[in-house]
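Asker: Generate coordinates for the sequence data below:
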Amino acid sequence: MGKKAVAIIGSVNEEELKKKQVEKLHQKKLRQGLPAGRQGKGERVVDTTAESLAELEVIEKKQQETVEAKKIKQARIRSKPYQAAKSKVTADHLYPISEAIKLLRDVSLTKFDATVELHLVLKEKGLSKEIELPHPTGFARRVAIADDATMAKIAAGKIDFDVLLASPADMPKLVKYAKVLGPRGLMPNPKNGTIVDNPAATAKKLAGSNTISVKTEKDAPLIHTVVGKLSMTDVQLIDNTSVILNSLFPKESISQISKAVLKSTMSPAIKLAVQS
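Answerer: Alright, predicted model coming up:
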């Protein structure tokens, strides 16, 4: 009932405001339509309410179009350095991984050690896989164990880990956090090896490994993952990129990739040639 009352009051206020605006336009037209010195002396005047209402709608429409046009203009403006970098990338060309890495260094815009990212558009969603890379990505994985302290953080809304490990005995305690952990892909699961008998030993092993978790988004066949850092050698970046692609899609299923893009932080995207 409370929400309905608020909605009704809001709509009434908007209606009253609109009536006042129409009345102002109406009165303005009346004043403009009477000769000087004779306003308010009982002359017959024409009711222009309908005309004022139509005029108000036109004014509101123009204001809305102006706001939308400004938003579109702001969204399309990119910096001159970005435009210069983008001009070096042929939009429709599919670059081999080795060429893409070299070009990526040439179009990088950051002064810090940029992250190299791989973005994939697939034909189907629902893909999830753990991949062991030949080289570190430059990011330390934050591994947590489902103990009382970690659960208290989850309850408080503080998620400061990338992997959560739990023993079978801990799972009943985690059920109430499924709605928080599930959408983030952090709910322990036997399929990805995060439900283990000895979480402490597994945490130590994972912290020093190059294993990454790669999966499509929940509602779309898209994959976004990290390959490494620009400070890594070409060979290291090529190796990591190739292993990700080959692990996800062997040669016989490489056609499942509709589009593959390599980019670094803030750089233009470079399309990859991955089709067999």
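Asker: Going by residue numbers, what spans are helices in the stretch 151-276 of the chain?
Answerer: With helices called from DSSP state H, counting those that start in this stretch, the stretch 151-276 of the chain shows them at 171-174, 178-181, 199-207, 234-248.
Asker: avg pLDDT for the last one?
Answerer: Averaging pLDDT along helix 234-248 gives 93.
Asker: Contacts for that helix, please.
Answerer: By C-beta atoms under 8 Å, 6 or more residues apart in numbering, the residues outside helix 234-248 that reach it are 97-98, 101-102, 116, 118, 120, 127, 129, 131-135, 137, 212, 214, 223, 225, 227-228, 254, 257, 260, 262, 274. No exception for glycine: its C-beta is placed from N, CA and C like everyone else's.
Asker: In strands, which of those fall?
Answerer: Judged by DSSP state E, the subset of those located in strands is 116, 118, 120, 129, 131-132, 212, 214, 223, 225, 227-228, 257, 260, 262.
Asker: Pull out the buried members of those.
Answerer: Among these, the ones that count as buried by 16 or more other C-beta atoms under 10 Å are 116, 118, 120, 131, 212, 214, 223, 225, 227-228, 257, 260, 262.
Asker: Between all of the residues you listed, which two are at the greatest distance?
Answerer: G228 and I257 (19.9 Å; C-beta to C-beta).
Asker: what's the residue nearest to V163 when sequence neighbours are not counted in contact with, if anything?
Answerer: The shortest distance from V163 to any non-neighbouring residue, by C-beta to C-beta, 6 or more residues apart in numbering, is to V143 (4.7 Å). Counting by C-beta under 8 Å, 6+ apart, V143 touches F161, D162, V163, L164, L165, A203, L206, A207.
Asker: quick one: V143 from L133, how far?
Answerer: 16 Å (C-beta to C-beta, to the nearest Å).
Asker: can you check D160 too?
Answerer: For D160 relative to L133 (C-beta to C-beta), the value is 23 Å.
Asker: Which one of these two is surrounded by more residues?
Answerer: A direct count of neighbours by other C-beta atoms under 10 Å for D160 and L133 places L133 higher, at 20 against 9.
Asker: Now do the phi/psi pair for that one.
Answerer: phi -90, psi 150 (degrees, to the nearest 10).
Asker: Backbone torsions only: list them for the residue nearest to V163.
Answerer: phi -110, psi 130.
Asker: Show the pLDDT at it.
Answerer: The predicted structure lists V143 with a pLDDT of 86.
Asker: ok, now how distant is A156 from S128?
Answerer: From A156 to S128 the distance is 28 Å (C-beta to C-beta).
Asker: now the chain, which segments are flagged as low pLDDT?
Answerer: 1-14, 26, 28-53, 69-76, 208, 252, 275-276 (pLDDT under 70).
Asker: How is it divided into domains?
Answerer: 2-33+47-76, 81-138+210-276, 142-207 (automatic domain parsing).
Asker: just the strands in the stretch 1-150 of the chain please.
Answerer: 115-122, 128-132, 143-145 (DSSP state E, counting those that start in this stretch).
Asker: Of those strands, which is nearest K191?
Answerer: strand 128-132 (7.8 Å).
Asker: can I get the CA coordinates of the closest one in PDB?
Answerer: Below are the C-alpha coordinates for strand 128-132, written out as PDB (Å, rounded to 0.1, in the frame of the first residue of the first chain):
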ATOM      1  CA  SER A 128      33.700 -23.100 -17.700                       C
ATOM      2  CA  LYS A 129      37.200 -24.400 -17.400                       C
ATOM      3  CA  GLU A 130      40.300 -24.300 -15.200                       C
ATOM      4  CA  ILE A 131      43.400 -23.700 -17.300                       C
ATOM      5  CA  GLU A 132      47.100 -24.000 -16.200                       C
END
